[in-house]
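Chemist: Quick one: sequence and predicted model below, then my questions.
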Protein chains: 2
Amino acid sequence: MEDLFQTHRHLLDAAVEASRARGFWSAFSEVPRTYGEAAPAEGLAAFEALKGQPFDLSQPQDGPRIGGEVSPFGPALGITYPSATTGTLVAAAATAGREWARASLEQRVGVALEMLVRLNRASFLMAHAVQHTTGQAFAMAFQAGGPHAQDRGLEAVAYAFEEISRIPGAVRWEKPMGRSTVRLDKDFHIVPRGVGLVIGCATFPTWNSYPALFADLVTGNAVIVKPHPAAILPLALTVQIGRAVLAEQGFDPNVLLLAADTPAAPLTKSLALDPAVGIVDFTGSSAFGGWLRKNLQDKLLYTEEAGVNTIVIASTDAFAAMCANIAFSLSLYSGQMCTAPQCLFVPKAGIETDEGHKSFDQVVAGISGAIDALLSDPARAAGVLGAIQNPATLARIGEARRLGTVARDSAPLDMEGARTATPLLLVADADRPETYLEERFGPISFLIPTADAADAIARATAAARSKGAITAALYSTDPDLVADAASAYAAAGVALSVNLTGGIYVNQSAAFSDYHVSGANPAGNACLTDVAFVAGRFRVVCVRRPAAA
Amino acid sequence: MEDLFQTHRHLLDAAVEASRARGFWSAFSEVPRTYGEAAPAEGLAAFEALKGQPFDLSQPQDGPRIGGEVSPFGPALGITYPSATTGTLVAAAATAGREWARASLEQRVGVALEMLVRLNRASFLMAHAVQHTTGQAFAMAFQAGGPHAQDRGLEAVAYAFEEISRIPGAVRWEKPMGRSTVRLDKDFHIVPRGVGLVIGCATFPTWNSYPALFADLVTGNAVIVKPHPAAILPLALTVQIGRAVLAEQGFDPNVLLLAADTPAAPLTKSLALDPAVGIVDFTGSSAFGGWLRKNLQDKLLYTEEAGVNTIVIASTDAFAAMCANIAFSLSLYSGQMCTAPQCLFVPKAGIETDEGHKSFDQVVAGISGAIDALLSDPARAAGVLGAIQNPATLARIGEARRLGTVARDSAPLDMEGARTATPLLLVADADRPETYLEERFGPISFLIPTADAADAIARATAAARSKGAITAALYSTDPDLVADAASAYAAAGVALSVNLTGGIYVNQSAAFSDYHVSGANPAGNACLTDVAFVAGRFRVVCVRRPAAA
């Protein structure tokens, strides 16, 4: 059996170092051409071969084959997956988990790293799987669904490895007691928390699941992955690859199981409530997050939930570049990112810029025009916007029009069969926060005139505290204002990007550097990834006995 | 202002090193004579001076002075404490906490270390305060209430310092993008979770509170200490010393507040429910622990709750020493330790020993006789047993007699005015677990005949999983049995001591080495102290902006 830990040791060491340094680092290339000339065609062929077929997982199954994925770009995938009852899945995971918990840290880390490397090799296949479940455009599906998700998984491996490896396996404890000495030999056992349940979402099935999946595995917990019924394939591929590595290394592959379900017969609640499940990771609505908090009081629960991200525009020395940057952030994946801005607060008297004073209406026009310019080329528009994952999002756009004055209307792209929508920009009344301070998932955003810049920042940070927020952006040429604002945003638990222009956007969160979600406001109780995200997933139990003198 | 961080840097470095090495290490001497000749008399005089007086805390107060502490050794203390409403306390803590959160890590660590050093100097005073609230004998009150508690606090400081200091304050992030490079400057802000509420217990007011108190402080959270109404003084002294250090260093002393209350008007629930409180640490009953879990779904909650600790006696090569060791563990502080054994499982056919075969009854007689021998000298008995903290414990002993066959009866010591009781030993029926598998806090233990050693271990580990357990002991001369048992106890989340004889006991948990409470069974959801105990008490928020090229 290959020593996977040694094989991938250099990767691990670099990841541990990067997780501490927190500068730019990436293990897995986001540039498609670095994967070789054959990779794109092979990935596409592999994807096409899966369509219309039963997906092979060789895992315990006592239910019918299920699966109703339909690409937001049009075609039904026609792929079916094995299904099983909660009892069958949890029993299989618990059995497999006992042996997994006894494996060495190095064995578990080796398996995890080999999984990541193989997932990386499958990045083109994964890109198609992510594209045709989430609606992300191909380039984004490749990066976010492939290498960026793999980096996030690797980051969790690095944290979990470091936390466990800091605990000595055995020590001698020698206490001087006057003229004698008491000597004990102590063994420290790493004990898993119980089966881990990872509940995936429909927009970022891999990126949002990998940190939990890999943190659970390395800390000794078997994992049941419960994909969103609309985005099963990316996680089925992940589980398939993981089970293959486990089996090759002599482990029960049920250490990693897929729990595919349907909207008509959902498994999530019964899985979460099962006593053998000790850890639940969830990405999704605040309503279901609240249900989990209420019902899982004895379990470890990590959530990423809804929020309202904001931009404050106080002043700028690069008006056109600012508008272009914001336009891209509002358009990227049609606002279906948990990091996409929804509320833009602008002083009602307008702002000072490098192009002179701009009235509120001129700022609105600047952003609206930048969106139009960005989307003027149909191919570029399709590449930026992708498709709308959920039909409910289209309906939400329709309903949102009555929430304010339409500054830029949403419209479909000319893409046969695809569900698309360009950004809807509304001007809202600051005194009617009920219109703009609920999460309106999708390409819906609000421009809100405020008394002044301070009022704008106060509203943005208050919204983060009360409604939750993962990201915020601020444009200001006043260093003192920025410094004060930084403290206010930090206290509100929201990551702040200041004066972004050019090819970097508030939506982007980089593995090994950005802490995605703070856990300090209602947008989630956990961060991907920090020490707190991994440290509770295992426990330490000491066995001590008298030592020979 | 003194740079307390530099002053105590050597102490911190040694503590960090010890928390990783986990061999024996102690910062604060447990040997009274090392504190100088004058210390005992000064400590006693300071304690006497407090009796019958209002205790000075100079903290916000909008209620009457309260206090009804009565020494388990007899006299009422007559000390009164300021009281305040939840609103007043939380508002003061929240205000003070804002500045505290902005202090540097080094400032907060310096304050915490200075507090510990001053608490150490007050160890004799603290010993009297702990003795006359908890009922611990003086020697134990000195060690457990003083240096051992201080070591536990220091351990938390070390963990919190290390976790925060691993996060860089600022980094430059440089991502190559083809021919250009995106450069961002990122600041990482450490954000507290909210006001920390530390709920003390009546038996180990300092030892069980210091880890949370110091972890909260170092991670930037203001702390409200809610002592048990029967054991206020030890924590009032702690808060008094802490407030003095804070004020001297220019901080608002309301970073640390005492929330004294009475059984008639308890503050705990309203404090715990206050929205500004973000972290709750609790030592006490499973019933109240359950209430906290149910009601604090959005807060960080660390608990140590009830459990049933066990001893399995399978065989021994040191029968007399084993009996003496167990006798001490059952007698120490009259079984009022969360680490004291309650259930002793012994094969009904008896065991093999260095003194030949011993029947079940002979094992019972051996332990019973060892208790009698230990307690035969009145002064030694008083020094080991101490007094009974709560009158309800005496009543519980009375009721317990009907739960089995009395093998050794409990009796008071001949100590005028003191509430005392020697251990009650009962033989129980293995098939009636309801008699012995509920926590019977105090000097009550059960000897339970089992089918064999394997049955004994199965019952002990099952009890840990279902009822919770912090400690377990096992006596066996069979290395294979011990090895298998070690895995079973680890999986049940209970610390195991094997074949202890001589001057080390299952009840003892050493800072920097033993992980007190695993968090992996119902006896508590947290460990004192591991990384998970500190890592969630703060959050990291990133502020990023374009860097100059």
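Modeler: Great, that's in hand.
Chemist: rest of the way, CA atoms for contacts and neighbours
Modeler: Noted.
Chemist: who touches the spatially most central residue of chain A in this structure?
Modeler: Central residue of chain A (CA atoms, centre = their mean): A:Asn208, 2.6 Å from the mean position. Applying CA atoms under 8 Å, 6 or more residues apart in numbering or on different chains to A:Asn208 gives the contacts A:Ala149, A:Gly200, A:Cys201, A:Thr283.
Chemist: Helix or strand: which one has the third one?
Modeler: Just to be clear, that refers to A:Cys201. Under DSSP states H and E, no helix or strand contains A:Cys201.
Chemist: which ones are touching the closest residue to it other than its chain neighbours?
Modeler: Among residues not flanking A:Cys201 along the chain, A:His228 sits closest, at 5.3 Å (CA to CA, 6 or more residues apart in numbering or on different chains). Taking CA under 8 Å, 6+ apart, we find A:His228 in contact with A:Ile199, A:Gly200, A:Cys201, A:Ala202, A:Pro205, A:Ala260, A:Asp261.
Chemist: Show me what the longest helix out of those in chain A packs onto, helices and strands only.
Modeler: Among the segments of chain A that qualify as a helix by DSSP state H, the longest is helix A:147-165. Based on contacts counted as 3 or more CA pairs under 8 Å, 6 or more residues apart in numbering or on different chains; DSSP states H and E, the elements that helix A:147-165 packs against are helix A:9-21, helix A:105-121, helix A:210-218, helix A:531-535.
Chemist: Return the set of buried residues in that helix.
Modeler: Buried positions in helix A:147-165, judged by neighbour count with 16 or more other CA atoms under 10 Å in any protein chain shown: A:147-164.
Chemist: repeat for stretch A:292-305
Modeler: A:Leu292, A:Arg293, A:Leu296, A:Gln297, A:Lys299, A:Leu300, A:Leu301, A:Tyr302, A:Thr303, A:Glu304, A:Glu305.
Chemist: and if you look at stretch A:517-525?
Modeler: Along stretch A:517-525, these residues count as buried under the neighbour rule (16+ other CA under 10 Å): A:Val517, A:Ser518, A:Gly519, A:Ala520, A:Asn521, A:Pro522, A:Ala523, A:Gly524, A:Asn525.
Chemist: Now do the contacts for the residue lying closest to A:Leu184 once chain neighbours are set aside.
Modeler: Excluding its sequence neighbours, the residue lying closest to A:Leu184 (CA to CA, 6+ apart) is A:Pro546, at 4.4 Å. Applying CA under 8 Å, 6+ apart, we find A:Pro546 in contact with A:Val182, A:Arg183, A:Leu184, A:Asp185, B:Val498, B:Asn499, B:Leu500.
Chemist: Are we agreed that the fourth one is in a strand?
Modeler: In this case it means A:Asp185. Yes: secondary structure assignment places A:Asp185 in a strand (DSSP: H, G, I helix; E, B strand; the rest coil).
Chemist: distance of it from B:Gln136?
Modeler: Taking CA to CA, to the nearest Å as the criterion, A:Asp185 is separated from B:Gln136 by 29 Å.
Chemist: more neighbours, these two?
Modeler: For A:Asp185 against B:Gln136, the residue with the higher neighbour count under other CA atoms under 10 Å in any protein chain shown is B:Gln136, and the figures read 32 against 18.
Chemist: The more buried one - that's part of a helix, no?
Modeler: No: under three-state DSSP, B:Gln136 sits outside any helix and is assigned coil.
Chemist: you'd agree it is up against B:Ala418?
Modeler: No: taking contact to mean CA atoms under 8 Å, the distance of 11.4 Å between B:Gln136 and B:Ala418 leaves them out of contact.
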